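In: Make a model of this:
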Amino acid sequence: MYNRRVKVVNKISKSVNSEGIVILKNDDNLLPLKATKINLFGRIQFNYYKSGTGSGGLVNTPYVYSLFDILDSNPKLELNPNLVKKYQEFIKLNPFNNGNGTWASEPWSQVEMEITEEDARDAKEFSDVAVIIIGRTAGEDKDFTNDRGSYKLSLTELNMIKNVSKVFDKVILILNVGTIIDLSEVEGNVKAIMLAYHGGYYGAISIYEALVGLTLPSGQLPFTILKDINKDITISSFGNVKTQYHEDIYVGYRYHHTFNPDNIMYPLGYGLGYGEFLIKDVIASINNTKIDVSLNLVNKLDKYNNKTIFFYVEAPSGLLGKPKYELLHFYKPNRFKGEIKINEFFDLKDIASFDDTGVISKGSYILEKGEYLLHIGFYIGDIKHTYKFNIKDNIISKPKTLISVNESFDRLCNKDNKAVYEKVEAFNHKVKYNYLNNLKYKPNNYTFDDLLKGKITSKEFISGLSDEDLTHLVKGEGMSSPKVTPGIAAASGGVTARLKDKKIPIIAFSDGPSGIRMDSGFLASSLPNGALLASSFNLELIEKLFTAVGMEMKQYEIDILLGPGVNIYRNPLNGRNFEYFSEDPIITGVIASSVLKGLHNQARDGSIKHFTCNNQESYRFTNEVVVSNRALREIYLKGYEIAIREGNAKVIMSSYNYINGYHALTHPLFYDDILRKEFGFHGIMISDWWAHVNKVSEPLCKSRLSEMIKANHDLYMVVKDVITNDDDLLKSLDNKTLSRDDLVKVVENILDYYVYLKNRQKDVHLLNKPINQEIEKEEENTKEDLVIEFNIDDLRLDNKNIIKARGSAIITEELSNGETYFIHIIKPKEEEKDINVIEDLKLIKVSGSSSDSVVLDSNLLAKRDKIVNYKILIEEPGNYVFSFEIENRSSDLSQTSFNMFFNELYDKTYTYNKFDGVLTTRLIKNLSNGVHIFSIMFNHAGLFFKSITISRHP
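Out: Residues are numbered from 1 along each chain as shown. I've put the predicted structure just below:
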């Protein structure tokens, strides 16, 4: 199944890519490439990484373009044929390693081919230009390590770069990575560095276009690149079971600029692009705490281009201590020519300090009195203009909620620009559970339609729901529930017969940040990753992209996308940083808001995640974070607050980890006191999939959902069946450790959100607005080269064009003006798999007797992308039971799935997380008499089928 909206999404993705690719280095203006003959080094030229791994990357695409495909199809470029042949022979012997097909088994990098100085000298005889591409992946349940082949270059990669650089003067290094890897050993060896990230389906094409200047890359870093990661203050605590956030608010650039600026290789906001910009005619004023800035931005290149401007503050250290710099605001215009006027408004309160010790006013946000410097430039540390403002007296907010800190620890402070440590004292903010049971079950005939039309209140509708109904509404079913689009993450709402009778809609959830993940094998758009989105800094373009994603979700009948991820880059080794946006909470919250606005344009929604302090994948179920209230407020909660206030976030996913002694899912103060009452959140809290709900000191447990409800956390995700799930909700009602009132409170949140969503979907039609405005500007820069998709058989001669074929490309001459340009003809690398392979299959007869069970297979080990087929002769029509006895031999955090087909037609997807022992799964299928082809396609390795049988249903 292929969604017709996919091509629209892919086209906008390519435009986002061009604005997100970061040029880190460009000595002698080597880029864009002028040469027509190129030596291409690095095996990743054949194996482009479109995304990271795990739930944020498992998007099905028909194929993935490689950089070699694109460069080789360009009639204006010539690749060194001897070098190409050498790599092709190497890859035959060293094919791409996907791991063993199980969850998180794919290695961080691929085996690289040795390149000696002699190899480099031979290559230079062909051309004096060398392009090297290095690739990396990581993701869910797979952090980087500070080792070779992971965060660091492998020795083979390092030697390749050094040997090539010894021979070549013109060396371009392209990084096909999630965020960044260690560049300290090679940064000085190469003339140009392009940080291309994971760009999704069109990522390799975007690299090519930026490389040769068809597009003007304008990405700037949303994080800091270091010379030595070992000097990052978080390195000693990253990856531990217990993580004390000693660095406190000094995360990322806040630490590096304040205490160790010499370790910065490239600062946050850095990015060269092509061309030059000038900021002039700056006027700034302040009214109380609100700042008004007007300026002119000059593009000195005679092409459509753009650049991000950063507004950041140097605040007085005061009594509470402050970082050297704090980002206050950023702005990036759409591509323009010449000069434009920019007016921006922002509030100094966005960088207020949170006083969690009572130095000035305990529990309040404070702008301390003193002199503030507003710097304006193109990256943090770049000062084009500075304005001074004075605050005469401390500005103090009303006190906010303080959460418990379960143990004392030392945190970093800035005292007169010196690093000192102070003790964060432990304290327990006791929250007493108040048992109230005033709301009774009163059967009624109301339906959800009455709620939609505003005829009744939520409480009136809920009064007609039984206790059992309420316990069913606070759980979602999945993965791959048959009640929603095949192969997606979950279904919630009207998943039982009683709830369906009440006309409660079924809500469909799907992974994820990199596009729609469907274990059924259905195809979807593979998006630029989160780091690339953030590097674009183009809020309007990001909103357009996710408006198009919303169209695609509507086509697939999906309501909620499980993203964007808004966790902070606490450390560069986090495997899921590719899904997230930045080390800065303002960038994180603002980018997330643009994603949500786009989805909301199509009455779809996104779940911002993972709330909160989910900053590593190691020990993800047991990681205990110990963090101050100040760091929570200024760093880790701020992105969520911005997404709620500016992006109207309606769905938030909680995290697996513990925070100051509480599981995130059961924290007594987060969801009601802080998110709803303080931040103004009006939506639903959902758990991460198969989350645990035990205390830190207890064994892992998924059954104590009563603790989740008492914390005012709304929805548990996911269970196989909401009716039969083994949880403590009904038992807790019986023993009065949970009340009906508690359930009503969260169910009211859930139903109010469903009403909001369904009314929006009723009112918002599928938008078909023109989405090409920015793309048209981009193409106006260089009309000579276009990249499109169609089969060469579809080409037709007409009176306007003369078409000449060359390999996988054609050259088109426009007769009207004699201009010549070329068009890439990109064909799929692989034909779609034909599951209906019936040749040489043994015919298996199945009688009409219910007592006869026929074994189709036994001791079958699933392998990734493997298809098995069974040719079955049904002697009598009727219902037949397919029974699978399955063991799960994959890792504890795995997600494994397989699809079933009957006579070439997709039927069902089963998805499993880790389970112990033998699980029996049954499928009842009505079959006519005659021959049928039953096929199973394994999406992952890890499942072991002890037996697959078929029998007539009694």
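
In: Check for me that T909 belongs to a strand.
Out: Yes. Under the criterion used here (DSSP: H, G, I helix; E, B strand; the rest coil), T909 sits inside a strand.

In: Could you pull up the residues touching F168?
Out: The contact partners of F168, taken as CB atoms under 8 Å, 6 or more residues apart in numbering, are N39, A120, K124, D128, V129, A130. For glycine as for every other residue, the C-beta is placed from the backbone atoms N, C-alpha and C.

In: Go through those and flag which are in strands.
Out: Among the contacts of F168, the residues falling in strands (DSSP state E) are N39, V129, A130.

In: can I get these in JSON lines with neighbour count and distance to T457?
Out: Formatted as JSON lines, the ones in strands among the contacts of F168 follow (neighbours: other CB atoms under 10 Å; distance: CB to CB, whole Å):
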{"residue": "N39", "neighbour count": "28", "distance to T457": "71"}
{"residue": "V129", "neighbour count": "23", "distance to T457": "70"}
{"residue": "A130", "neighbour count": "27", "distance to T457": "70"}
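
In: Please tabulate these in TSV and include distance to I161 as additional columns.
Out: Below are the ones in strands among the contacts of F168 laid out as TSV (distance: CB to CB, whole Å):
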residue	distance to I161
N39	13
V129	15
A130	9
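
In: Could I get the contacting residues of K503?
Out: Contacts of K503 (CB under 8 Å, 6+ apart): T447, F448, D449, G494.

In: Next, give phi and psi for it.
Out: Torsion angles at K503 (phi, psi; degrees, to the nearest 10) stand at phi 60, psi 30.

In: Just give the number of residues close to G213.
Out: By other CB atoms under 10 Å, the residues close to G213 number 17.

In: Could you shift the numbering so residue one becomes 325, and keep it that way?
Out: Renumbered: residue one is now 325, and that last one reads G537.

In: Okay, now the unreliable bits of the chain?
Out: Scanning the chain for pLDDT under 70 picks out 325-330, 1089-1164, 1217.

In: In it, which residue sits furthest out from the middle?
Out: S1173 (50.9 Å; CA atoms, centre = their mean).

In: thought that one was touching H1277?
Out: No. S1173 lies out of contact with H1277 (CB atoms under 8 Å); the separation is 11.3 Å.

In: any residues in contact with both of the two?
Out: Counting by CB under 8 Å, 6+ apart, S1173 and H1277 have no contacts in common.

In: Which helix in the protein has the most residues?
Out: Counting residues, the longest helix found in the chain (DSSP state H) is helix 1064-1087.

In: hey, where'd the strands end up in the stretch 475-624 of the chain?
Out: 494-500, 516-519, 549-550, 566-568, 588-590, 601-611, 614-623 (DSSP state E, counting those that start in this stretch).

In: Which one of the ones you listed lies nearest to Y1080?
Out: Among these, the nearest to Y1080 by CB to CB is strand 614-623 (31.2 Å).

In: What's the first helix or strand after the closest one?
Out: Downstream of strand 614-623, the first helix or strand assigned by DSSP states H and E is strand 633-638.

In: Need the contact partners of that next one.
Out: Outside strand 633-638, the residues within contact range by CB under 8 Å, 6+ apart are 593, 603, 615, 617, 619, 621, 648-656, 666, 668, 670, 672, 675, 696-704, 706.

In: go on, stretch 1054-1061?
Out: By CB under 8 Å, 6+ apart, the residues outside stretch 1054-1061 that reach it are Y759, N761, D791, E792, T795, S1030, L1062, S1063, R1064, L1067.

In: May I have stretch 981-997 exported as PDB, CA atoms only?
Out: Only the C-alpha atoms of stretch 981-997 are listed here, as PDB (Å, rounded to 0.1, in the frame of the first residue of the first chain):
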ATOM      1  CA  ASN A 981      12.900   6.400  34.000                       C
ATOM      2  CA  TYR A 982      12.600   7.400  37.700                       C
ATOM      3  CA  ILE A 983      12.900  11.000  38.800                       C
ATOM      4  CA  ASN A 984      13.900  11.900  42.300                       C
ATOM      5  CA  GLY A 985      12.500   8.600  43.700                       C
ATOM      6  CA  TYR A 986       9.300   8.400  41.600                       C
ATOM      7  CA  HIS A 987       8.700   6.600  38.400                       C
ATOM      8  CA  ALA A 988       7.800   9.200  35.800                       C
ATOM      9  CA  LEU A 989       4.500   7.500  35.300                       C
ATOM     10  CA  THR A 990       3.400   7.900  38.900                       C
ATOM     11  CA  HIS A 991       4.900  11.200  40.000                       C
ATOM     12  CA  PRO A 992       2.300  12.900  42.200                       C
ATOM     13  CA  LEU A 993       3.000  16.500  41.200                       C
ATOM     14  CA  PHE A 994       3.900  16.500  37.500                       C
ATOM     15  CA  TYR A 995       0.600  16.000  35.800                       C
ATOM     16  CA  ASP A 996      -1.900  17.900  37.700                       C
ATOM     17  CA  ASP A 997       0.000  20.600  39.600                       C
END
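
In: Now find how far off-centre it is within its chain.
Out: Remark: stretch 981-997 is offset 23 Å from the chain centroid, using CA atoms, centre = their mean, to the nearest Å.

In: So for it, what gets flagged as buried?
Out: Across stretch 981-997, burial judged by 16 or more other CB atoms under 10 Å covers 981-997.

In: and N984, what is it in contact with?
Out: With contact set as CB under 8 Å, 6+ apart, N984 has these partners: I727, S728, V729, N730, V949, V950, V951.

In: Farthest pair within these?
Out: Farthest pair in these (CB to CB) is S728 and V949. Separation: 12.9 Å.

In: Which of these two has more residues huddled nearby?
Out: Ranked by neighbour count (other CB under 10 Å), S728 and V949 place V949 first, with 25 against 18.

In: The more buried one touches G985, doesn't it?
Out: No. Counting by CB under 8 Å, V949 does not reach G985; the two are 9.9 Å apart.

In: just how off-centre is stretch 1172-1191 within its chain?
Out: Offset of stretch 1172-1191 from its chain centre (CA atoms, centre = their mean): 37 Å.

In: Contacts for that stretch, please.
Out: Here stretch 1172-1191 makes contact (CB under 8 Å, 6+ apart) with 422, 424-425, 1157, 1159, 1161, 1168-1171, 1192, 1194, 1196, 1199-1200, 1202, 1207, 1220, 1222, 1258-1278.

In: Of these, keep whichever come out buried.
Out: Buried members of those, scored by 16+ other CB under 10 Å, are 425, 1159, 1168, 1170, 1192, 1194, 1196, 1207, 1220, 1222, 1258-1269, 1271-1276.

In: Return the member of the contacts of K827 nearest to R578.
Out: G818 (46.9 Å).

In: That closest one: neighbour count?
Out: Other residues near G818 come to 21 when the count uses other CB under 10 Å.

In: which residues touch it?
Out: Under the criterion of CB under 8 Å, 6+ apart, the neighbours of G818 are F772, K824, K826, K827, I828, P829, I830.

In: Out of those residues, give me the one that has the most neighbours.
Out: The most crowded member of those, judged by other CB under 10 Å, is I828 (26 neighbours).

In: Next, that one: secondary structure please.
Out: Following three-state DSSP, the label given to I828 is coil.

In: Quick check: the gap between it and L1067.
Out: Counting by CB to CB, to the nearest Å, the gap from I828 to L1067 is 15 Å.

In: repeat for I415
Out: Distance of I415 to L1067, given as CB to CB: 58 Å.

In: So these two - more neighbours on which side?
Out: Shown here are I415 and L1067; by other CB under 10 Å, L1067 has more neighbours (24 against 17).

In: Could you tell me which residues make contact with that one?
Out: L1067 neighbours (CB under 8 Å, 6+ apart): D791, L794, T795, V798, I1033, L1053, L1057.

In: try it again with 7 Å
Out: Going by CB atoms under 7 Å, 6 or more residues apart in numbering, L1067 touches L794, T795, V798, I1033.

In: Check D1231 too.
Out: With CB under 7 Å, 6+ apart, D1231 has these contacts: M1224, F1225.

In: Now do it against R1188, distance only.
Out: Plainly put, D1231 is 20 Å away from R1188 if you go by CB to CB.

In: go on, K448?
Out: According to CB to CB, K448 and R1188 sit 40 Å apart.
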